[in-house]
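Asker: pasting the structure only:
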């Protein structure tokens with residue numbers, strides 16, 4: 001008897017945002033519009049928690065990766081999880097431990113914890129860049 005394993009459906013929405021004045025507003029507005037397409041009701045407490053995460057991760061790029069002309073902001077939904085990711089052109093990883101994390105990333109971490117998730121940062125293998133990601137379990 002053959003057993004087939006279906007891969008979970010993956011939905012990915014990415015927007016490129018020019019880093020500078022208006023970047024946070026543009027990113028949060030675009031992600032807000034993508035939530036319904038991703039199967040997340042925009043009027044839920046979960047959706048209300050995601051938008052400050054997007055704003056903080058983009059703010060982090062504006063403040064700490066000034067050499068980045070454009071940041072890619074993505075949401076990915078698969079297997080009952082949603083990830084918010086923000087990529088920039090600076091390979092310095094942010095401090096994510098509780099002793100050294102700043103107030104913005106601390107807030108992101110707390111919201112991720114609230115939804116049984118985590119915050120991760122990784123450098124790009126092929127160039128001097130990084131991605132910071134907050135992963136959440138989607139509430140049922």
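Answerer: All right, it came through fine. Please read these numbers as outputs of a predicted model, since none were measured by experiment.
Asker: chain center to the longest helix anywhere in the chain: distance?
Answerer: Ordering each helix of the chain by length in residues (DSSP state H) puts helix 45-64 first. With C-alpha atoms, centre = their mean, to the nearest Å as the basis, helix 45-64 stands 7 Å off its chain's centre.
Asker: so which residues of the protein form helices?
Answerer: Using DSSP H, helices in the chain cover 23-37, 45-64, 103-114.
Asker: pLDDT of the longest one, averaged?
Answerer: Mean pLDDT, helix 45-64: 95.
Asker: and the first one, by the same measure?
Answerer: Model confidence over helix 23-37 averages 94 on the pLDDT scale.
Asker: likewise the last one?
Answerer: Averaged across helix 103-114, the pLDDT comes to 95.
Asker: next, the angle from it to helix 45-64.
Answerer: Calculated by axes from the mean of the first three to the mean of the last three C-alpha atoms, to 10 degrees, helix 103-114 forms an angle of 150 degrees with helix 45-64.
Asker: what residues does helix 103-114 touch?
Answerer: Residues outside helix 103-114 that contact it (C-beta atoms under 8 Å, 6 or more residues apart in numbering): 49, 52-53, 56-57, 59-60, 94-96, 98, 101, 118-119, 134-136. Placement of C-beta: from N, CA and C, glycine included.
Asker: filter those to the buried ones?
Answerer: 49, 53, 56-57, 59-60, 94, 96, 101, 119, 134-136 (16 or more other C-beta atoms under 10 Å).
Asker: contacts only, for residue 132.
Answerer: Residue 132 sits in contact with 57, 60, 85, 86, 94, 119, 120, 121, where contact means C-beta under 8 Å, 6+ apart.
Asker: dump those residues into CSV; add distance to residue 45 as well.
Answerer: Shown next, in CSV, are those (distance: C-beta to C-beta, whole Å):
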residue, distance to residue 45
57, 19
60, 23
85, 22
86, 22
94, 26
119, 19
120, 23
121, 26
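Asker: quick one: which of those residues is nearest to residue 78?
Answerer: Of all the contacts of residue 132, residue 85 has the smallest distance to residue 78: 12.8 Å, by C-beta to C-beta.
Asker: and the closest one, how far is that from residue 135?
Answerer: Going from residue 85 to residue 135 by C-beta to C-beta, to the nearest Å gives 9 Å.
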